[in-house]
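Undergrad: Give me the fold of what follows.
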Amino acid sequence: MGEYFGNLQKIREGKRKYGITPHIPGGFITPEKLQKIAEVAKKYNGAIKITSGQRILITNLEESDLPKIWEELRMEPAVKTQNSVKNVEMCPAGFCKRSKFNTIGIGMKLSKKYQWMDMPCRTKIGVSGCRNACGSVYSKDVGVIADINGKLMVTAGGSAGYNPRIADIIAKDLSEEQALRLVDAIFEYYKENAKQGEKLSFFIERVSLENFRKEVLSKC
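TA: Here you go, the predicted structure:
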């Protein structure tokens, strides 16, 4: 990722093409912004891909066009640095009949506070309004999930990719305020004690889940 916040895509016959991913909080986007993305992609011969992270990738772009594209989009890049909070994924919650708690507000609060924040390693947050945990919350570094009783639980240590791991439930039966404070405590402890480049899941396994839970709960 260079200064233009574009990622080099596959090189074909020596031709280098780039992709960009604008920040779309929680995957919620206005029709006007969606239309602008389509217009810009069409103008610069881009291909559009809906990503698994609730974002829109515009690929097949020329590197020289990237500054103009960002200027025309008037949007922030989804990822600015590698070792940071890359995104906060959330389910439709308040719009879903299965929701036990409208967690959209929690997701947006977490997005506003933590998006782009530096971390020891790349970090993802997931938020879901029921135990279905849409958005693969149990594969996220930190998660907030509404339980069947309408109370919240906070998870930590999930991971996909090369080292898959299901997140552990750190605490249950929490209010929104308690859940947000616990997320704060998890990140405080993680940033203070993890090694550079150490994924949260690896950090939990190194210090043990018992010690991790004890330390973060003591901060609340």
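
Undergrad: The top helix by length along the chain packs against which elements?
TA: Longest helix of the chain, by residue count under DSSP state H: helix 176-193. When contacts are defined as 3 or more Cβ pairs under 8 Å, 6 or more residues apart in numbering; DSSP states H and E, helix 176-193 sits against helix 104-114, strand 142-146, strand 152-156, strand 168-174, helix 200-207, helix 209-218. C-beta here means a position set from N, CA and C on the backbone, and glycine is covered the same way.

Undergrad: What is the subsequent helix or strand relative to the longest one?
TA: Next helix or strand after helix 104-114 toward the C-terminus (DSSP states H and E): strand 123-128.

Undergrad: Assign a three-state SS to the most centrally placed residue in the chain, would you?
TA: For the chain, residue 87 is the residue whose C-alpha lies nearest the centre (Cα atoms, centre = their mean; 2.1 Å). Three-state call for residue 87 (DSSP: H, G, I helix; E, B strand; the rest coil): strand.

Undergrad: Mean neighbour count, the helices and strands packed on helix 176-193: which tops it?
TA: Comparing those by mean neighbour count (mean count of other Cβ atoms under 10 Å), strand 142-146 ranks first with a mean of 27.

Undergrad: partner strands of the helix or strand bottoming out on mean pLDDT in the chain, parallel or antiparallel?
TA: Least confident helix or strand, the chain: strand 7-8 with a mean of 90, by mean pLDDT, DSSP states H and E. Using DSSP bridges, the strands paired with strand 7-8 are strand 18-20 (antiparallel).

Undergrad: right, and the helix or strand after the partner strand?
TA: helix 31-43.

Undergrad: in that following helix, what counts as buried?
TA: Residues of helix 31-43 classed as buried under the neighbour-count rule (16 or more other Cβ atoms under 10 Å) are 33, 36, 37, 40, 41.

Undergrad: mean confidence for that helix?
TA: Per-residue pLDDT over helix 31-43 has a mean of 98.

Undergrad: Quick one: list the elements packing against that helix.
TA: Using 3+ Cβ pairs under 8 Å, 6+ apart: helix 31-43 touches strand 47-50, strand 56-61, helix 66-73.

Undergrad: Quick one: distance of it to the chain centre.
TA: Taking Cα atoms, centre = their mean, to the nearest Å, one finds helix 31-43 lying 23 Å from the centre of the chain it belongs to.

Undergrad: For it, which outside residues touch it?
TA: With contact meaning Cβ atoms under 8 Å, 6 or more residues apart in numbering, helix 31-43 is reached by 22, 24, 46, 47, 48, 56, 58, 69, 72, 73, 74, 75.

Undergrad: Mark which of the residues you listed are buried, thanks.
TA: 22, 24, 46, 56, 58, 69, 73, 75.

Undergrad: Which of those residues sits closest to residue 165?
TA: Nearest to residue 165, judged by Cβ to Cβ, of these is residue 24 at 26.8 Å.
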